[in-house]
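Visitor: just need the structure, nothing else, for what follows:
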Amino acid sequence: MNDKPGFEQRLTKREIEICGLVTKGLSNKEIAEQLHLAEGTVKNHLISIYEKLGVQNRAQLAARYVAEYEQPGTELIDPSLTDIGNATEVGAKLHRSSHLYHLPETIFLPFQKQPFVIGRFDVSIGRKQSDFEFAKDTKAVSRRHAAIEHTARGVAITDLNSRAGTLVNGQKITPGEPYLLKDGDHLSFGNAGADYIFEE
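Guide: Prediction:
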């Protein structure tokens with residue numbers, strides 16, 4: 001382990017362990033299972049870590065961990081997290097809540113100048129239409145389904161006039177109108193199981 005001064009002075013060994021698992025893309029539930037803790041205990045640890053490090057979300061935490069306490073050989077699940085010198089470039093993630101295991105388990109959301117668009121790959125077009133694309137057989141998801149972005153009031157999702165709609169906590173949102181998200185909100189892209197939980 002690359003023991004850089006200062007990090008261990010601010011966090012407990014357990015908190016550092018949790019930082020490493022967050023950096024690998026694990027959800028609170030997965031961390032709890034791996035460390036044999038209650039999920040609520042993991043959440044409390046993260047609140048403490050955020051306060052001690054002065055970060056606001058998991059992406060910023062991952063950036064600090066890589067910069068100050070990187071373990072040789074550590075790999076991040078999503079390539080976008082390997083270039084997060086400015087922690088504001090990556091803002092949150094979506095964690096799969098359905099049992100459709102062929103769908104990606106985690107979608108990282110790199111918030112930059114433009115909204116992050118989620119959609120479906122269309123082989124007839126042959127080029128990307130969205131920032132993240134589900135496989136072509138995820139028919140309920142439109143080519144450009146929804147966009148997630150930072151606003152002055154928080155993180156918002158906007159349905160881009162998709163065919164099957166975008167649902168938040170089971171309710172279809174109005175196309176074209178930003179909907180503010182909260183940590184733990186359940187998102188559905190269409191009606192065929194592309195279901196995810198929003199995590200800040």
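Visitor: hey, let's count contacts and neighbours off CA atoms from now on
Guide: Fine.
Visitor: so which strand or helix has the spatially most central residue of the chain?
Guide: Centroid check for the chain by CA atoms, centre = their mean gives K93 as the closest residue, at 0.8 Å. Assigned by DSSP states H and E, K93 belongs to strand 92-96.
Visitor: about what we covered before: surely the residue nearest to the centre of the chain and E200 touch.
Guide: Yes. The pair K93 / E200 is scored as a contact, 6.6 Å apart, by CA atoms under 8 Å.
Visitor: re earlier: list the buried residues for the strand holding K93?
Guide: For strand 92-96, the neighbour count (16 or more other CA atoms under 10 Å) marks 92-96 as buried.
Visitor: and stretch 50-62, by the same measure?
Guide: 50, 55-62.
Visitor: out of those, who's nearest D131?
Guide: A59 (17.8 Å; CA to CA).
Visitor: helix or strand: which one has that closest one?
Guide: In the assignment (DSSP H and E), A59 maps to helix 58-69.
Visitor: compute the inter-axis angle for that helix and strand 92-96.
Guide: Here helix 58-69 runs at an angle of 110 degrees relative to strand 92-96 (axes from the mean of the first three to the mean of the last three CA atoms, to 10 degrees).
Visitor: just the CA trace of helix 58-69, in PDB.
Guide: Extracted in PDB, the C-alpha atoms of helix 58-69 (Å, rounded to 0.1, in the frame of the first residue of the first chain):
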ATOM      1  CA  ARG A  58     -18.700   8.900  -3.900                       C
ATOM      2  CA  ALA A  59     -16.900  10.200  -7.000                       C
ATOM      3  CA  GLN A  60     -15.100  12.900  -5.000                       C
ATOM      4  CA  LEU A  61     -14.200  10.300  -2.400                       C
ATOM      5  CA  ALA A  62     -12.700   8.000  -5.100                       C
ATOM      6  CA  ALA A  63     -10.700  10.900  -6.400                       C
ATOM      7  CA  ARG A  64      -9.200  11.600  -3.000                       C
ATOM      8  CA  TYR A  65      -8.500   8.000  -2.300                       C
ATOM      9  CA  VAL A  66      -6.700   7.500  -5.700                       C
ATOM     10  CA  ALA A  67      -4.700  10.700  -5.200                       C
ATOM     11  CA  GLU A  68      -3.700  10.200  -1.500                       C
ATOM     12  CA  TYR A  69      -3.900   6.500  -0.800                       C
END
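Visitor: quick one on the thing from earlier: overlap of the contact sets of K93 and E200?
Guide: Common neighbours of K93 and E200, counting by CA atoms under 8 Å, 6 or more residues apart in numbering, are absent.
Visitor: just confirm S188 is within a strand.
Guide: Yes. Assessed by DSSP: H, G, I helix; E, B strand; the rest coil, S188 belongs to a strand.
Visitor: strands of the protein, residue ranges please.
Guide: Secondary structure of the chain (DSSP state E): strands at 92-96, 106-109, 116-120, 132-134, 146-151, 154-159, 166-168, 171-172, 179-180, 186-189, 195-199.
Visitor: now render those strands as a markdown table, adding mean pLDDT and distance to K29.
Guide: Formatted as a markdown table, the strands of the chain follow (pLDDT from 0 to 100; distance: least, CA to CA, whole Å):
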| stretch | mean pLDDT | distance to K29 |
| --- | --- | --- |
| strand 92-96 | 86 | 11 |
| strand 106-109 | 82 | 13 |
| strand 116-120 | 90 | 25 |
| strand 132-134 | 86 | 24 |
| strand 146-151 | 88 | 24 |
| strand 154-159 | 92 | 23 |
| strand 166-168 | 96 | 21 |
| strand 171-172 | 96 | 25 |
| strand 179-180 | 95 | 24 |
| strand 186-189 | 96 | 15 |
| strand 195-199 | 93 | 12 |
